[in-house]
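Chemist: just need the structure, nothing else, for what follows:
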Amino acid sequence: MGRMWAHPAKGVLLPKSQVVRAIPHGIQNGAVPPFTAANLPPIRTEPRRAERITCDGRELRIPD
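Modeler: Residues are numbered from 1 along each chain as shown. Have a look, this model is predicted:
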């Protein structure tokens, strides 16, 4: 959300569209623990090729 606010408020460019893959957090005491910010890797300024969301004007490509 901070990046989204900084874009219009301060003119900060948004990073390129990308898939941000969650880090699995497993099971603790037979239950799935809450999802937290620790389960998300940082958003990259320049995403890896396998993470890029692209559109050629006709087709939107979102990696698996």
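
Chemist: give me the contact list for the worst-scoring helix or strand of the chain on mean pLDDT.
Modeler: When each helix and strand of the chain is scored by mean pLDDT, DSSP states H and E, helix 2-10 comes last, with a mean of 92. Residues from elsewhere that reach helix 2-10 (CB atoms under 8 Å, 6 or more residues apart in numbering): 12-15, 43. Heads up, the C-betas are built off the backbone N, CA and C, glycines and all.

Chemist: distance of the most centrally placed residue in the chain relative to Q28?
Modeler: Nearest residue to the geometric centre of the chain (CA atoms, centre = their mean): V20, 3.0 Å. Summarising the geometry, the distance separating V20 from Q28, computed by CB to CB, to the nearest Å, is 23 Å.

Chemist: correct me, but N39 touches A22?
Modeler: Yes: using CB atoms under 8 Å, N39 is in contact with A22, at 5.1 Å.

Chemist: okay, these two: which has more neighbours?
Modeler: N39 (12 against 9; other CB atoms under 10 Å).

Chemist: how about the contacts made by the more buried one?
Modeler: For N39, the contacting residues are 22-25, by CB under 8 Å, 6+ apart.
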